[in-house]
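Enquirer: Give me coordinates for this.
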Amino acid sequence: MNRRLRMGMVGGGKDAFIGAVHRIAARMDDKIELVCGAFSSTPAKSISSGKELMLPVDRCYGTYQEMLAEERKRPEGDRMDFVCIVTPNHMHYPEAMAALDAGFHVACDKPMTLNLDQARKLEKKVKSSGLLFCLTHNYTGNAMVKEARHLVKSSALGKIRRVVVEYPQGWLAGRLEATGQKQAAWRTDPKRAGGSCCMGDIGTHCANLAEYVTGSPISELSAELTTWVKGRPLDDDGSVLIHFTNGAKGILWASQIAVGKENGLNIRVYGEKGALEWMQEEPNSLVVRWTDKPLEIRRTGTGFVGKEAAAVVRIPAGHPEGYLEAFANIYRDFAAALSAKLDGKNIKESNCDYPQVSDGVRGMAFLDAVVKSSKAKGKWTKVEK
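Expert: Take a look at the predicted model:
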């Protein structure tokens, strides 16, 4: 294509954190431009937010329904190409379904839906529509995560035995939602967040990362969810024992009451011949350990990584790149697939390296099993796809 893809955004208005992240990431490779949006559930705030982003007044919409209807009326050469959904969890499903019904491709923040039933229905809709769907599990866009995946896939580590993945945060150690803090308020509200707070918000990142790196789905689990802060209706901490289809076993811990922790997502994978360790707060490094060789620290941009990692490195060695660049890598891959599709090419999303609707279903199946297992006092529960 000889033009940028045109993106419309739902959510992400004033005071929203993740909307700005998506806009920066989508724009980083100059393949996507924001052309319209419905940025808030309050029409006046939505239009005001659009104006602050310097969009034309007639493309600052009061509701997402209005945006879809009006953009649909525009000629093909002018209307948006896809919808970016960055609203709280409970709105993902109706907004994504409406976008697909209107004939627009979708990029959606995680978790994909409010529950597993919605996820399955959305997957059917995506498949029947023939439209593309991107789920922004951004950490899989990191170069050294791709290097880790390559090491596992190439059998360099031998048969995988143990996976340890965790995501400690401390920002909800007190009842922050009672102060009116917006991000805390919706995440701790069952009507807007779903059946889980902590495990749904960040535990799903752990599960997605573990499945991506190992290349193996989680088959069953035993979970314990805990709510430490009094008056909070959803969990703020959780531990899960996990089994993978490839025979590996694992431990997953997610917490938002780990005082002093910021965004400590990390994964350790142990095989017969070697092991690896990656930490989100030190994203440019991958620690690799061997049974018969010295410890390695592989770094981005050095020329000593595989082609999958090298393909997404953006700047020379020693320059920090992480969260935003990983997000941008997801958008770059999605943009390449969507551009090809709009050019009339036959696209198989299974060959594309960005999270898709099937990943969203697996995430919701994982979460569904975690909640069921915890309610059954840790009973081993199958992750139903």
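Enquirer: What separation is there between the residue nearest in space to the middle of the chain and residue 209?
Expert: In the chain, the centroid-proximal residue (CA atoms, centre = their mean) is residue 137; its distance is 1.9 Å. Counting by CB to CB, to the nearest Å, the gap from residue 137 to residue 209 is 8 Å. Every residue, glycine included, has its C-beta placed from N, CA and C.
Enquirer: element containing residue 286?
Expert: Residue 286 belongs to strand 285-290 when assigned by DSSP states H and E.
Enquirer: who does that strand touch, helix- and strand-wise?
Expert: helix 143-153, strand 274-279, strand 296-299 (3 or more CB pairs under 8 Å, 6 or more residues apart in numbering; DSSP states H and E).
Enquirer: Strand partners (parallel or antiparallel) of it?
Expert: Strand pairing for strand 285-290, determined by DSSP bridges: strand 274-279 (antiparallel), strand 296-299 (antiparallel).
Enquirer: hang on, the earlier thing: out of the helices and strands packed on strand 285-290, which one sits most buried?
Expert: helix 143-153 (a mean of 23; mean count of other CB atoms under 10 Å).
Enquirer: Okay, angle between it and strand 285-290 too, please.
Expert: 20 degrees (axes from the mean of the first three to the mean of the last three CA atoms, to 10 degrees).
Enquirer: Quick one: name whatever helix or strand follows helix 143-153.
Expert: Under the assignment DSSP H and E, the closest C-terminal helix or strand after helix 143-153 is strand 160-168.
Enquirer: Show residues contacting that next one.
Expert: 152, 202-203, 205-207, 209-210, 213-214, 216, 242, 244, 246-255, 258, 261, 263-272 (CB atoms under 8 Å, 6 or more residues apart in numbering).
Enquirer: now that strand, how far from the chain's geometric center?
Expert: A distance of 18 Å separates the centroid of the chain from that of strand 160-168, by CA atoms, centre = their mean, to the nearest Å.
Enquirer: quick check: angle from it to helix 143-153?
Expert: Using the same axes, to 10 degrees: strand 160-168 against helix 143-153 is 160 degrees.
Enquirer: Can you get me a residue count around residue 53?
Expert: When neighbours are counted by other CB atoms under 10 Å, residue 53 registers 17.
Enquirer: so what pLDDT did it get?
Expert: Turning to residue 53, the model gives it a pLDDT of 97.
Enquirer: Could you export stretch 310-320 as CSV, CA atoms only?
Expert: Output in CSV follows, covering the C-alpha atoms of stretch 310-320 (Å, rounded to 0.1, in the frame of the first residue of the first chain):
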residue,chain,number,x,y,z
ALA,A,310,17.1,-9.2,15.3
ALA,A,311,14.0,-8.4,13.1
VAL,A,312,12.4,-6.4,15.8
VAL,A,313,15.4,-4.6,17.3
ARG,A,314,15.1,-0.9,16.4
ILE,A,315,18.1,0.9,17.8
PRO,A,316,21.9,0.1,18.3
ALA,A,317,23.1,-1.9,21.3
GLY,A,318,23.1,0.0,24.6
HIS,A,319,20.1,2.2,23.9
PRO,A,320,17.1,1.2,26.1
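Enquirer: For it, give me every contacting residue.
Expert: Residues contacting stretch 310-320 (CB under 8 Å, 6+ apart): 141-143, 146, 284, 299-303, 305, 321, 325, 328-329.
Enquirer: List the buried residues of that stretch.
Expert: By neighbour count on 16 or more other CB atoms under 10 Å, the buried set for stretch 310-320 is 310, 312, 313.
Enquirer: next one: stretch 335-342
Expert: By neighbour count on 16+ other CB under 10 Å, the buried set for stretch 335-342 is 335, 336, 337, 338, 339, 341, 342.
Enquirer: so how many other residues sit close to residue 173?
Expert: So residue 173, with other CB under 10 Å, has 18 neighbours.
Enquirer: Quick check: it vs residue 186, distance?
Expert: Distance from residue 173 to residue 186, by CB to CB: 18 Å.
Enquirer: how about the strands of the stretch 1-150 of the chain, start to end?
Expert: Secondary structure of the stretch 1-150 of the chain, counting by DSSP state E, counting those that start in this stretch: strands at 5-11, 32-38, 82-86, 105-108, 133-135.
Enquirer: Could you pull up the residues touching the residue with the largest distance to the centre of the chain?
Expert: The outermost residue of the chain relative to its centre, with distances by CA atoms, centre = their mean, is residue 292 at 36.2 Å. Counting by CB under 8 Å, 6+ apart, residue 292 makes contact with residue 273.
Enquirer: go on, residue 136?
Expert: 22, 107, 108, 109, 110, 327, 330, 331, 355.
Enquirer: Return the subset of the residues you listed lying in helices.
Expert: 22, 327, 330, 331 (DSSP state H).
Enquirer: Now do the second one against residue 369, distance only.
Expert: Pointing back at residue 327 there. Applying CB to CB to residue 327 and residue 369 gives a distance of 28 Å.
Enquirer: Have a look at the two and say which one is more surrounded.
Expert: residue 369 (25 against 22).
Enquirer: Let me know the helix or strand that that one is in.
Expert: helix 357-375.
Enquirer: Pull the distance from whichever helix or strand comes after that helix to the chain's centre.
Expert: Next along the chain after helix 357-375, taking DSSP H and E as the criterion, comes strand 381-382. In terms of CA atoms, centre = their mean, the centre of strand 381-382 is set 23 Å apart from its chain centre.
Enquirer: repeat for stretch 263-274
Expert: 20 Å.
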